[in-house]
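Below is the sequence, then the predicted model.
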Amino acid sequence: MLFLTAISFSCSSSGDNPSLINIDLPQTVVPEESCGGRIENANPNGDRTTLVWAEEFEEDGAPCVKNWNHETIPPNNGSWWNEEVQYYTDRRDNSIVEDGVLKITAKKENYLSKEYTSARMTTQRLFEFSYGKVEIRAKLPKGQGTWPALWFLGANIDTIGWPSCGEIDLVEHGDGEPGLVSSTVHRANTNGDNYYRRGDQIIENESSEFHVYKMIWTSTSIQFFVDDVKHHEVSYDPNTPFNKYFFIILNVAMGGNFTDNNIDPNFTSSALEIDYIRVYQ
C-alpha cells in the first residue's frame, strides 16, 4: 500500500460494468473455521471472484468475537458524532444472531442518560482489506429517525484521524423519502476538511425485503450497486486514502444531522437485519 497524501478524485455516473457473479440466488458459503470469517487457503488473483472472507451468521447468539468488535465508548464527550442520540451497547437486546441473520436493533428506552439504544460493530484489527468486491445482503430498519449504515473506515484512523483516513459508505438510509439509499466516499481536501462525493437511488421494500448492496473497489475507482443496479461511481488517483486498508462497520444510529434530527415520537424499535457479508478479491 502507498502511504501518500490525498490529492483529488472525481465522480462519474458512467463507466464499464464488469462481468459479475450471479448474486440473485447465492450459494450458501460457510467458512472452514467455525465462527471465523477468513477463508482458509484462498488464493485470490485480483479478478474479484475468489472469496477471502465471509460472515454468514450461522451460529445463534452473540456475534462472532473473531469477526466483530462492539464499540460502546462514546468518543465525543459522552456522545457520538453527528448529533446522534443513541447509546451503543454490546447487549443481546441490541445485537444478536438469530435464524441465520444478524439483527442490530435500535430501541427507545432510557439507558445511561440516553433515550435510545443500538449497536455499532466493526472488524477493526480483526479483518482489514484493500480492493475487491463486497456484497452485503440486508434488510433496513423502518421508522423515521433510524439511520442504518454499512460502511468502511481507513485502518489508520487511530494514527492520522478522520477524514484523512478515508471513509466509504456502501449504504446509508434515513435522510429522505423511504427507499432513498445513498453511497458516499469521504476524504480530506487540501485544508484537511471533509470532502465527499455521493450518489443514490430509490428502491422498493427496503425494510420488508432483503436487497444485495454491492461495492466494487479497484486501484482507480469505487462502484456502488443495489441488486446489480449501479447508482454511483467515484474515480480517484493513486495518492488517496483508497489505496490503503479499510475495515467494516455496521450500525444503526438514531436521529442526528443526517435525519435532520427528526425521530418519530411513536418509534419503539426496529432492526437492521444482515443475512451475509462476503468479500471477494
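Structure's in. What do you need?

so where do the helices sit in the stretch 101-250 of the chain?
157-160 (DSSP state H, counting those that start in this stretch).

so what's the closest residue to Leu180 other than its chain neighbours up against?
Leaving aside its chain neighbours, Leu180 sits nearest to Ile202 (5.3 Å; criterion: CB to CB, 6 or more residues apart in numbering). All C-beta spots, glycine's among them, are computed from the backbone N, C-alpha and C. Contacts of Ile202 were listed using CB atoms under 8 Å, 6 or more residues apart in numbering, and they are 177, 179-181.

if you look at these, which of them are in strands?
Among those, DSSP state E puts 180-181 in strands.

Kindly indicate the member of the contacts of Ile202 with the most neighbours.
When neighbours are counted by other CB atoms under 10 Å, Val181 leads those with 24 neighbours.

Quick one: neighbours of Ala42, just the number.
Neighbours of Ala42 (other CB under 10 Å): 15.

ok, now how distant is it from Ala253?
33 Å (CB to CB, to the nearest Å).

And for Pro141?
Using CB to CB, Pro141 is found at 11 Å from Ala253.

Find the residues that touch each one of these two.
Counting by CB under 8 Å, 6+ apart, the residues touching both Pro141 and Ala253 are 106, 148.

shouldn't Val101 be in contact with Asp275?
Yes: with contacts counted by CB atoms under 8 Å, Val101 reaches Asp275, the gap being 5.3 Å.

show me what contacts Ser182?
By CB under 8 Å, 6+ apart, Ser182 lies in contact with 169, 171-173, 175, 198-200.

Most neighbours of all these, which one?
In terms of neighbours by other CB under 10 Å, the contacts of Ser182 top out with His173 at 26 neighbours.

Could you give the bridge partners of it?
Val181 (DSSP bridges).

Distance check, it against Ser270.
Separation of His173 from Ser270 (CB to CB) stands at 12 Å.

intersection of neighbour lists for these two?
Taking CB under 8 Å, 6+ apart as the criterion, His173 and Ser270 both touch Thr146.

low-confidence ranges in the chain?
Along the chain, segments meeting pLDDT under 70 span 1-34.

could you redo the last one with a cut-off of 90?
Applying pLDDT under 90 to the chain flags the ranges 1-36, 77-78, 237-239.

can you tell me the helix or strand for Ser270?
Using DSSP states H and E, the element containing Ser270 is strand 269-280.

Tell me the helices and strands packed up against that strand.
strand 51-55, strand 101-111, strand 132-139, strand 146-154, strand 246-254 (3 or more CB pairs under 8 Å, 6 or more residues apart in numbering; DSSP states H and E).

and the ones you listed as JSON lines, adding distance to Met121?
Converted to JSON lines, the helices and strands packed on strand 269-280 look like this (distance: least, CB to CB, whole Å):
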{"stretch": "strand 51-55", "distance to Met121": "10"}
{"stretch": "strand 101-111", "distance to Met121": "7"}
{"stretch": "strand 132-139", "distance to Met121": "13"}
{"stretch": "strand 146-154", "distance to Met121": "11"}
{"stretch": "strand 246-254", "distance to Met121": "5"}
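
Quick one: closest of those strands to Arg187.
Closest to Arg187 of the helices and strands packed on strand 269-280, according to CB to CB: strand 146-154, at 9.1 Å.

send the alpha carbons of that closest one over as CSV?
Provided in CSV are the C-alpha atoms of strand 146-154 (Å, rounded to 0.1, in the frame of the first residue of the first chain):
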residue,chain,number,x,y,z
THR,A,146,-33.4,5.4,12.1
TRP,A,147,-30.0,5.9,10.4
PRO,A,148,-28.6,2.5,9.3
ALA,A,149,-25.2,2.4,7.7
LEU,A,150,-23.0,-0.3,6.1
TRP,A,151,-19.6,1.3,5.7
PHE,A,152,-15.8,1.2,5.9
LEU,A,153,-13.1,3.3,7.6
GLY,A,154,-9.4,3.5,6.8
